[in-house]
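S.K.: return a 3D structure for these sequence lines:
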Amino acid sequence: MNYSSSSFHLLPMSDEERRHLVVRYSCADSRFGKMVVASSDKGICYLAFGEKAEEDFHFRFPASLMQEEPVHRSLYQLVERWGTVDPPPLTLHVYGTEFQLAVWQELLRIPPSATSTYKSIATLIGRPKAVRAVGTAIGMNPIALLIPCHRVLSSSGSPGGYRWGIPLKQELLQLEASHT
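M.R.: Prediction:
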């Protein structure tokens, strides 16, 4: 697996867009557990795992018109083959603060099988003292895997946190390392 940050394009979502967004979503069982994926007309806007993923999805898009559709097949196939295939170019249509968007953009620059630290991300976005805020922004990442927050560790080398669980974070890192 070898892709650059150009594989995924981060497209910020405005407040106005978020209020009137039409979101297509689907739920499926994946190799990483229950998966919820959603997209707008402009791109992927949500991807999460776990039993609370659907609840979180509805919380993040409270005023959106929801249209449940069959699973997003190409994205589901990408998740099922994660670590063994190069992902296609995708637009990620995300809602976040300027700070969150800067953090998420920096995460896109971390190649598979590489890791970074919260401190390094803070320095790279020009906010070296905002290490905790970087951790919070990473924890708010709306698109698992594609915005690779699993590649960020604490400065001590420990896994730090992961919204979808430390075991999944470790599995993803091992999977990517074994296929590069």
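
S.K.: which residues touch the closest residue to T84 other than its chain neighbours?
M.R.: Leaving aside its chain neighbours, T84 sits nearest to H179 (5.3 Å; criterion: CB to CB, 6 or more residues apart in numbering). (C-beta placed from N, C-alpha, C; glycine too.) Residues counted as contacts of H179 (CB atoms under 8 Å, 6 or more residues apart in numbering) are 1, 83-84, 112-113.

S.K.: dump those residues to CSV, plus neighbour count and distance to R31.
M.R.: Shown next, in CSV, are those (neighbours: other CB atoms under 10 Å; distance: CB to CB, whole Å):
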residue, neighbour count, distance to R31
M1, 16, 15
G83, 18, 10
T84, 11, 11
P112, 20, 17
S113, 17, 19
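
S.K.: what's the most distant pair in these?
M.R.: Across the contacts of H179, the longest distance by CB to CB is 12.6 Å; it joins T84 and S113.

S.K.: tell me, how many residues neighbour F59?
M.R.: F59 has 9 neighbours, counted by other CB atoms under 10 Å.

S.K.: could you confirm it falls within a helix?
M.R.: Yes - counting by DSSP: H, G, I helix; E, B strand; the rest coil, one finds F59 located in a helix.
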